[in-house]
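A.B. asks: Sharing a sequence plus its predicted fold:
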Amino acid sequence: MSGLIRKWNEKVFLHKDQMAIYGESGGYSYNDLNSWIDQVSDRIKKMSDREVVGVMIENSIEYVVCVIASLKAGKGFVPIDIDFPADRKKHIVDECKLDLILYKEGQDIKEQRINGIGCTKLYDDEIAYILYTSGTTGSPKGIIISQDNLENLIEWFGNQYKIDKSSKIAQLARCTFDVSIEEIFGCLFNGGTLFIPPQSIKTHIEDMRNYIEKMGINMIQGVPIMIKEHFSGKEKIACLKTIISGGEALSEELKNDILGIGYELYNNYGPTETTVDALSSRCNLNEPVNLGKSILNSDYVVLDDNNNPVENGMTGELCILGKNVAVGYINAEENNNRFCLYNGERLYKTGDLVKIDKDLLIYIGRKDSQVKVFGHRIELEEIENAFCKAAGVKCCGATVLQGNRITIFYEHDHDVNSDSVMDSLKDMLPQYMLPYSFIRCKELPVTNHGKLDRSKLKSLIYENDNKKQEKSSCDELSEIESAILLFAKGALEDEAIELDLDTELMKVGMNSISFVTMIIDIEDEFDIEFDDDSTISDFISFRDISEYVSKMI
C-alpha cells in the first residue's frame, strides 16, 4: 500500500462521520465517500492493466471518487477535459497508453475500454498523475508527477494553511489545471471539507459570493482576475479568511485592496513541473508582491545563461530543486531542455526571469515565448504549428495583444480563408488557445540569427494597415446593440478594440469572468435578469446577446 493511500485511510478512520465533500448531488461523509471509492477502485483493478487511467469528468464528486479510486487501485490518473478537441484527446490516449477512461453518465461512473494500444512502461516508480500542458514542440506535453511529489505537496499544504476538520475549501479550478490537485488532495488528505459549487453559479459573481457565505467556506484559490472580480472593492465575506492567488502575476493594487478589505492573502508560484507550488508568500501591506520562500523539501537557485548563480540585484532564470520537482515529461527528449542536474541534484529550469532584491524574489517575466492568457499556460509554438498545418503556410508568428487576444501573423501570397482555418484549429486546439485574428504580412521580423523576433510582431499592425482583418457588416446599431458593444469593451478592458454584432465572444478573449462583468452592466442598464444558468457558452456572438436582451424587454 502506498504512502498516499495509507494517509487517506488514516483520514477516513479519524474523520469517518465528518462531511468530506459537498457537491450538486449532496454531501458525503469520509466513510461514505470511501465506500464509493472502494467500489470504483475494484472495477478499475479488474478492467485495466496499465499504470494510469484516464478520467474524463468535469468538476464533481464523481471526479474526486475516480482519481482517489485510481490511486487505491495502484494506478495513476490522467485528467482529460471533456471539451478538448478530438485530436488532443487522442494524443493523450496514445501517449499515455490508456486502456481505460472513466466518464460520467448522469450520476453514474461509466468505463470506456480502449483496445489496440501497445503497453509500454512509462515510469519505474508509482505515478500519482499525468497532467498535460501546452508544448513547445507543437503538441501538448504530459508531465509525470510521482506519488512522492504529491505526498510532499499535501504535507506542505496542510502545514502551511493549518488544514483540519474546520477547514472548508472551495474546488474552483478545472480538473485539467494543477491547482485542482492542490484543492482536492490538500483538503481531503488533511481532513478538511471540500465544496464543489455548481458550474452554473461560477459565472455569476453574486451567486458565487452567496454560495461561499452559505456554505461557510473559509479558503479559496484563484487567478488574479477572478479574485479582482469576486472580492475587490466589495464587502468582506465574513466566513472567508484566506485567499490564495496564483497562475499569473499579482499586482500591487489588487494585493493592497484585498488586504485592506481584511482577507489573508497568499501569492503562490509554481509551474506544473514542480507539483503545483514551489514558492509561497504571505502578502503584507508594507512589502512588495514577491514569490516568497520555497515550500517543504524544496529550494531554488537563480542562474545566468552560463548556469552560474546571479548576484543580489541581478536578473536570472528561476530554477527549482527538491522533492517537488516532477519526474519529467513522457517524451523523454523534451526533458533535456528543462530538467538537468545541478551540483548532483535534479533541477527544473522554469523559464521565468526573477531578481533577488533585498532577500525578496521579484518576478520579472518570461525568457521564452510562453504566455499566460486568463490563467492558461500557453506555448505560442503550439499555436503556430497548428496554424501552419491548417492554413498550409510555412512561416507564421503568434503574439498576444491587448485584451489577451492571440493574433497570428503569417507570410503568404494571399489571405487565408479565416473561417476554414478556424474550423481546422478547433479540431486541434482547446478553446482558450484559438487565435482572435490572422494578419498577412510581406515578411516576418527575424533576429540576427534568423529566428522569429516576437518583440517586433506587434509593430506589424501599424506597418500593415492595409492588411487589417475586415470586420462583419457595420449596420446602424439600435440602443440595445450599442450598449452591449460598449459594455463588452469595458469588460474586456480595451476601449479601442473593434467589435460588431457578429464578433464571436471567444475570439476576442472574453472568458467567464469578463462575460459576467458585461452581463451585470446589461442587467443594470435595462433592468432585466438573465437566466440563472446562462453562461458564456450559450452565446456565440454579440448579436445572440442582443437578440436575447430584446426578447426580455
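C.D. replies: Arrived safely.
A.B. asks: Run through the stretch 401-550 of the chain and note the low-pLDDT ranges.
C.D. replies: Within the stretch 401-550 of the chain, the stretches with pLDDT under 70 are 402-404, 449, 461-475, 496.
A.B. asks: Please enumerate the strands of it.
C.D. replies: Remark: strands assigned in the stretch 401-550 of the chain by DSSP state E, counting those that start in this stretch are 405-411, 437-441.
A.B. asks: looking at those, which is buried most?
C.D. replies: Ranked by average neighbour count under the criterion mean count of other C-beta atoms under 10 Å, the strands of the stretch 401-550 of the chain are headed by strand 405-411 at a mean of 21. For glycine as for every other residue, the C-beta is placed from the backbone atoms N, C-alpha and C.
A.B. asks: Out of the strands of the stretch 401-550 of the chain, the one nearest residue 264 is which?
C.D. replies: strand 405-411 (34.4 Å; C-beta to C-beta).
A.B. asks: Neighbouring strands - and their directions - for that closest one?
C.D. replies: If you go by DSSP bridges, strand 405-411 pairs up with strand 396-401 (antiparallel), strand 437-441 (parallel).
A.B. asks: hmm, who's touching it?
C.D. replies: Residues outside strand 405-411 that contact it (C-beta atoms under 8 Å, 6 or more residues apart in numbering): 373, 378, 383-384, 387, 391, 393-401, 416, 433-444, 457, 460, 497, 508-509.
A.B. asks: Serialize the strands of the stretch 401-550 of the chain to a markdown table and add fields for distance to residue 100.
C.D. replies: Shown next, in a markdown table, are these (distance: least, C-beta to C-beta, whole Å):
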| stretch | distance to residue 100 |
| --- | --- |
| strand 405-411 | 35 |
| strand 437-441 | 40 |
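A.B. asks: if we can go back for a sec, quick one, which of the strands paired with strand 405-411 gets closest to residue 359.
C.D. replies: For these, the distance to residue 359 is smallest for strand 396-401, at 32.5 Å, taking C-beta to C-beta.
A.B. asks: Out of the strands of the stretch 401-550 of the chain, which gets nearest to residue 36?
C.D. replies: strand 405-411 (41.0 Å).
A.B. asks: Residue 150 falls within a helix, correct?
C.D. replies: Yes. Under DSSP: H, G, I helix; E, B strand; the rest coil, residue 150 sits within a helix.
A.B. asks: returning to what we had before: let me know which of the strands of the stretch 401-550 of the chain is the nearest to residue 127.
C.D. replies: Of all these, it is strand 405-411 that lies closest to residue 127, at 32.5 Å by C-beta to C-beta.
A.B. asks: Show the low-confidence segments of this structure, by residue range.
C.D. replies: For the chain, the stretches flagged by pLDDT under 70 are 136-138, 374-375, 402-404, 449, 461-475, 496.
A.B. asks: Buried ones among the contacts of strand 405-411?
C.D. replies: With burial judged by 16 or more other C-beta atoms under 10 Å, the buried subset of the contacts of strand 405-411 is 373, 378, 383-384, 387, 391, 393, 396-401, 416, 433-441, 444, 457, 460, 497, 508-509.
A.B. asks: how would you label residue 284: helix, strand or coil?
C.D. replies: Three-state call for residue 284 (three-state DSSP): coil.
A.B. asks: Not counting sequence-adjacent ones, nearest residue to it?
C.D. replies: Nearest residue to residue 284, sequence neighbours excluded (C-beta to C-beta, 6 or more residues apart in numbering): residue 259, at 7.5 Å.
A.B. asks: surely that neighbour meets residue 282?
C.D. replies: No. The pair residue 259 / residue 282 is not scored as a contact, 10.2 Å apart, by C-beta atoms under 8 Å.
A.B. asks: and the closest residue to residue 443 other than its chain neighbours, bridged to which residues?
C.D. replies: Sequence neighbours aside, residue 411 is the residue nearest to residue 443 in space, at 5.9 Å (criterion: C-beta to C-beta, 6+ apart). For residue 411, the beta-bridge partners are residue 441 (DSSP bridges).
A.B. asks: how far away is residue 411 from residue 517?
C.D. replies: Per C-beta to C-beta, to the nearest Å, residue 411 is found 37 Å from residue 517.
A.B. asks: follow-up on the earlier one: now the common contact residues for residue 259 and residue 282.
C.D. replies: In contact with both residue 259 and residue 282: residue 265, using C-beta under 8 Å, 6+ apart.
A.B. asks: Count residues in the vicinity of residue 286, would you?
C.D. replies: The tally of other residues near residue 286 (other C-beta atoms under 10 Å) stands at 4.
A.B. asks: whoops, residue 517 was the one
C.D. replies: 21.
A.B. asks: Count the residues that sit near the residue lying closest to it once chain neighbours are set aside.
C.D. replies: Ranked by C-beta to C-beta, 6+ apart and with sequence neighbours excluded, the top spatial neighbour of residue 517 is residue 491, at 4.1 Å. Neighbourhood size, residue 491 [other C-beta under 10 Å]: 22.
A.B. asks: Residue 491 and residue 480: what is the separation?
C.D. replies: Per C-beta to C-beta, residue 491 is found 16 Å from residue 480.
A.B. asks: Over to residue 333?
C.D. replies: From residue 333 over to residue 480 the distance is 55 Å, taken as C-beta to C-beta.
A.B. asks: Which one's more surrounded, the two?
C.D. replies: More neighbours surround residue 480 than the other of residue 333 and residue 480, with 17 against 8 (other C-beta under 10 Å).
A.B. asks: from what I can see the more buried one touches residue 547, true?
C.D. replies: No. Between residue 480 and residue 547 there is no contact under C-beta under 8 Å: 9.3 Å.
A.B. asks: for the stretch 151-300 of the chain, what spans make up the strands?
C.D. replies: Using DSSP E, counting those that start in this stretch, strands in the stretch 151-300 of the chain cover 168-170, 193-195, 219-222, 242-245, 264-269, 279-282, 293-294, 298-303.
A.B. asks: Between these, which one is closest to residue 80.
C.D. replies: Of all the strands of the stretch 151-300 of the chain, it is strand 193-195 that lies closest to residue 80, at 21.0 Å by C-beta to C-beta.
A.B. asks: Can you name the residues in contact with the closest one?
C.D. replies: Here strand 193-195 makes contact (C-beta under 8 Å, 6+ apart) with 18-23, 64, 165, 167-171, 183-184, 187-188, 215, 217.
A.B. asks: mind running it again at 6 Å?
C.D. replies: Under the contact criterion C-beta atoms under 6 Å, 6 or more residues apart in numbering, strand 193-195 has outside partners 19, 21-22, 168-171, 187-188, 215, 217.
A.B. asks: got it, and stretch 200-208?
C.D. replies: 211, 229-230, 512, 516, 533, 535.
A.B. asks: Let's see that with 8 Å instead.
C.D. replies: Identification of contacts with stretch 200-208 by C-beta under 8 Å, 6+ apart yields 172, 197, 211, 229-230, 512-513, 515-516, 520, 532-536.
A.B. asks: And the buried ones among the residues you listed, selectable in ChimeraX?
C.D. replies: Buried subset of the contacts of stretch 200-208, written as a ChimeraX selection, criterion 16+ other C-beta under 10 Å:
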select :172,197,211,229,230,512,513,515,516,520,534,535,536
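A.B. asks: Pick the one among the contacts of stretch 200-208 closest to residue 451.
C.D. replies: Using C-beta to C-beta, residue 513 comes nearest to residue 451 of these, at 35.4 Å.
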